[in-house]
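Student: Can you look at this prediction? I've put the sequence above it.
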Amino acid sequence: MTLPTHEEHHDLGARFTEVNGMEVVGHYGDVGEELRRLQSLAAVLDFSFRSRLVVVGADRTRFLHSQCTNDINRLKPGQGCYTAVTNNKGRVQGDANVFVLPDEILLDAEPGQTAELTGRFQKFVVSDDIEVIDAAPHYGLLTVQGPRTDDVIGSLGLDAGLPAEPFAGIKIPHPVLGEIYLACHPRLALSGADFFVPVASLGAMLDKLIAATQAVGGGVAGWDSFEHARVEAGIPRFGVDMTETNLAPEAGIGSRAISYTKGCYVGQEILNRLRTFAEVSRRLCRLQLTAGVGSRPAQGAKLTKDGREAGWITSVGALPESGKLSALGYVRKEWQQPGTPLQIEGGGVATVVAIIGA
């Protein structure tokens with residue numbers, strides 16, 4: 001599916017790619033510079049390729065609370081959280097960023113997840129007063145990421161600053177752009193903001209954000225640089241670093257996505273039992289790839305230690321300026337100690353840096 005702002009990005013020199021069948025800006029010609037903007041200044045990215053669902057109805061909060069691993073009941077309008085969706089065996093079926101609005105709950109999820117999450121929710125609807133609506137045709141998503149995000153927001157003239165609490169959001173009625181929803185969302189563990197914007201105003205808002213990020217020395221960035229920064233920051237992505245083959249605690253999202261004190265939800269019994277009585281045999285780890293890595297290892301490349309199977313690689317992020325490679329991958333508990341070297345299938349060494357979420 002083509003981005004609503006395809007022509008605008010084309011005019012900026014964008015090189016396009018696809019993620020889960022959705023058109024994405026891969027880069028604008030200089031991935032290294034775009035990475036610098038993300039990590040040191042501020043960059044604007046068009047994330048309208050991501051899935052956006054709205055849940056409405058009198059039972060929306062109670063229903064989502066029963067479907068998600070995090071505590072949705074505690075959230076008030078203007079608040080939000082990150083959550084996972086698991087099956088009855090505690091395995092990850094999806095994840096989402098949750099934003100509670102006065103009359104609806106907005107879910108921002110991985111591209112291509114609209115049908116899967118909608119089907120999952122509808123499977124459990126009995127007599128609940130809820131409706132799941134695809135919001136993507138109506139609202140796009142632009143995000144600003146980087147340490148100068150606050151400066152960017154302050155220069156937009158929106159009569160509103162960035163909320164301080166992660167996932168907190170405000171509605172901004174704009175006389176020209178329409179109703180905008182601004183949320184505090186540091187997607188790379190630095191500083192960040194999401195703008196949910198009416199599709200008709202997406203191009204105009206993109207222009208404003210480009211000008212504002214350029215004013216602090218930043219500018220546009222694409223998916224390639226974002227992925228490099230994500231891997232370096234140790235942030236797992238559903239469909240790549242965690243799938244339905246993974247238990248939620250294996251992916252290191254427990255502290256961000258799982259409430260162990262909330263009421264009943266799908267998968268709760270298994271996850272609570274794991275936390276109390278057991279230990280997962282593998283964990284997602286940050287890895288540094290060195291010593292003869294001649295090419296970018298493929299997703300799924302096996303890791304071994306002294307000839308024994310030790311895990312596998314899930315994501316790789318190249319750092320253009322240094323030529324080094326960072327990665328995420330699952331490592332068995334025997335070899336999770338930081339500094340442990342592991343052999344990569346096809347050549348090279350992956351050194352354990354840290355356990356994600358530890």
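Tutor: Yes, it's here.
Student: name the helices or strands packed onto the host helix or strand of residue 230?
Tutor: Residue 230 belongs to helix 223-233 when elements are defined using DSSP states H and E. Counting by 3 or more CB pairs under 8 Å, 6 or more residues apart in numbering; DSSP states H and E, the packing neighbours recorded for helix 223-233 are strand 22-27, helix 31-40, strand 43-46, strand 308-318, strand 325-332. Bear in mind the C-beta positions are built from the backbone N, C-alpha and C, glycine included.
Student: In CSV: these, plus mean pLDDT.
Tutor: As requested, the helices and strands packed on helix 223-233 are exported to CSV (pLDDT from 0 to 100):
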stretch, mean pLDDT
strand 22-27, 98
helix 31-40, 95
strand 43-46, 98
strand 308-318, 94
strand 325-332, 96
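Student: Save the ones you listed as JSON lines, and put in mean neighbour count too.
Tutor: As requested, the helices and strands packed on helix 223-233 are arranged in JSON lines below (neighbours: other CB atoms under 10 Å):
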{"stretch": "strand 22-27", "mean neighbour count": "21"}
{"stretch": "helix 31-40", "mean neighbour count": "21"}
{"stretch": "strand 43-46", "mean neighbour count": "28"}
{"stretch": "strand 308-318", "mean neighbour count": "20"}
{"stretch": "strand 325-332", "mean neighbour count": "24"}
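Student: can I get these in CSV with distance to residue 166?
Tutor: Conversion of the helices and strands packed on helix 223-233 to CSV gives the following (distance: least, CB to CB, whole Å):
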stretch, distance to residue 166
strand 22-27, 24
helix 31-40, 18
strand 43-46, 18
strand 308-318, 23
strand 325-332, 22
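Student: and of those, who's closest to residue 188?
Tutor: Among these, the nearest to residue 188 by CB to CB is helix 31-40 (6.6 Å).
Student: counting contacts, what elements does that closest one pack onto?
Tutor: strand 219-220, helix 223-233.
Student: Where does pLDDT dip in this structure?
Tutor: By pLDDT under 70, the low-scoring segments of the chain are 291-295, 319-324.
Student: mind giving me the domain ranges of it?
Tutor: In terms of domains, the chain is parsed into 6-48+137-231, 281-358 (source: automatic domain parsing).
Student: Looking at the helices and strands packed on helix 223-233, which is nearest to residue 126?
Tutor: Going by CB to CB, the one of these nearest residue 126 is strand 22-27, 32.2 Å.
Student: would you list every one of the strands in the stretch 251-358 of the chain?
Tutor: Remark: strands assigned in the stretch 251-358 of the chain by DSSP state E, counting those that start in this stretch are 282-290, 302-305, 308-318, 325-332, 341-344, 349-355.
Student: among the ones you listed, which is nearest residue 17?
Tutor: Checked against CB to CB, the stretch from these lying closest is strand 308-318, at 15.1 Å.
Student: circling back to that earlier point, for the domains of the chain, could you give me CSV that also reports distance to residue 263?
Tutor: Listed next are the domains of the chain as CSV, based on distance: least, CB to CB, whole Å:
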stretch, distance to residue 263
domain 6-48+137-231, 21
domain 281-358, 23
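Student: can you tell which of those is closest to residue 249?
Tutor: For the domains of the chain, the distance to residue 249 is smallest for domain 281-358, at 8.1 Å, taking CB to CB.
Student: and residue 313, what is it in contact with?
Tutor: Going by CB atoms under 8 Å, 6 or more residues apart in numbering, residue 313 touches 287, 297-301, 303, 327-329, 344, 350.
Student: Next: residue 113.
Tutor: Here residue 113 is in contact with 20, 51, 94, 96, 238 (CB under 8 Å, 6+ apart).
Student: Find the nearest non-adjacent residue to the first one, please.
Tutor: Spelled out, that is residue 20. Using CB to CB, 6 or more residues apart in numbering and skipping the chain neighbours, the partner closest in space to residue 20 is residue 112 (3.2 Å).
Student: so the one you found sits right up against residue 51, yeah?
Tutor: Yes - if you go by CB atoms under 8 Å, residue 112 and residue 51 touch, sitting 6.9 Å apart.
Student: In JSON lines, list the strands of the stretch 251-358 of the chain along with distance to residue 150.
Tutor: Output for those, formatted as JSON lines (distance: least, CB to CB, whole Å):
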{"stretch": "strand 282-290", "distance to residue 150": "27"}
{"stretch": "strand 302-305", "distance to residue 150": "40"}
{"stretch": "strand 308-318", "distance to residue 150": "26"}
{"stretch": "strand 325-332", "distance to residue 150": "27"}
{"stretch": "strand 341-344", "distance to residue 150": "40"}
{"stretch": "strand 349-355", "distance to residue 150": "28"}
